[in-house]
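# Any chance you can model this:
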Amino acid sequence: MQPYLPYILLLGAVVIVGALVMPRKKQEAAMPPQTMENMENALEQFMENMEKDNEELVLLVRNAQQESKSDALLKEQRIAQLEAKCEQLQDTLDKASRSTVPPTPAASSIPIVINQTQTPVFMPAELPTEEVTNGNTIQARYKDLFLLYEQGKSIEIISKKLGMNKGEVQLIIQLAKQEEASHA
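Just a heads-up that it's a prediction; the model follows:
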């Protein structure tokens, strides 16, 4: 056993020296404390910036929601006003159509509602009576328009084919309906 004893002692010494050297290498390889502090400071600064950005974003979203709500409220109020005005005009039209008094020369115009979402168009009161008295009805004057209308064509198609405005086509159709109602 004596010949192996120097080898065993030598091996033990190598292990002890290796154990002492290794921890020193790990400590040297680890980051210095100043670098660690710099990274912590940078991370804290980044987190503060992110928090500020998030607060600004939340404030921006809150303001946008408030503006959206106020716009919606204003639009609802405007719609309510327009609906009330439309009802008032419809009542006026109903009263005017119920009255059997012929238009006087002093009455310069009568309201004609083309469709319930639009404001009434005022036409001279003398027009419908002149057309009927002359025997020249609206349907006779606009044969092509009423032919297309009876075929089920839309007002847009009629206006494009005849080169007229959509409002003009609607007005002629409305006047013809009123003319038929007055003859009935």
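
# Point out where the protein drops to low pLDDT.
Low-confidence segments of the chain, defined by pLDDT under 70: 1, 23-32, 100-135.

# and if we set it to 80?
Within the chain, the segments meeting pLDDT under 80 span 1-5, 19-33, 99-136, 184.

# Provide a complete list of residue ranges assigned to strands in it.
Taking DSSP state E as the test, the strands found in the chain are 109-112, 121-124.

# Based on its surroundings, how many neighbours for the residue nearest to Phe146 when sequence neighbours are not counted?
Closest residue to Phe146 apart from its sequence neighbours, by Cβ to Cβ, 6 or more residues apart in numbering: Gln139 at 5.1 Å. For every residue, glycine as well, the C-beta is placed using N, CA and C. Applying other Cβ atoms under 10 Å, we find 18 residues neighbouring Gln139.

# how about Gln139, what does it touch?
Shown in contact with Gln139 (Cβ atoms under 8 Å, 6 or more residues apart in numbering): Phe146, Ala176, Glu179.

# Which ones among the residues you listed map onto helices?
Phe146, Ala176, Glu179 (DSSP state H).

# Centre of the chain to the top helix by length along the chain, how far?
When the chain is parsed with DSSP H, its longest helix is helix 33-98. Counting by Cα atoms, centre = their mean, to the nearest Å, helix 33-98 is centred 13 Å from the centre of its parent chain.

# for it, packing partners?
Here helix 33-98 is seen to pack against strand 109-112 when contacts are counted using 3 or more Cβ pairs under 8 Å, 6 or more residues apart in numbering; DSSP states H and E.

# thinking again about what came up before, with distance to Ser68 and neighbour count as new columns, can the ones in helices among the contacts of Gln139 be given to me in CSV?
Converted to CSV, those look like this (distance: Cβ to Cβ, whole Å; neighbours: other Cβ atoms under 10 Å):
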residue, distance to Ser68, neighbour count
Phe146, 47, 17
Ala176, 45, 19
Glu179, 48, 16
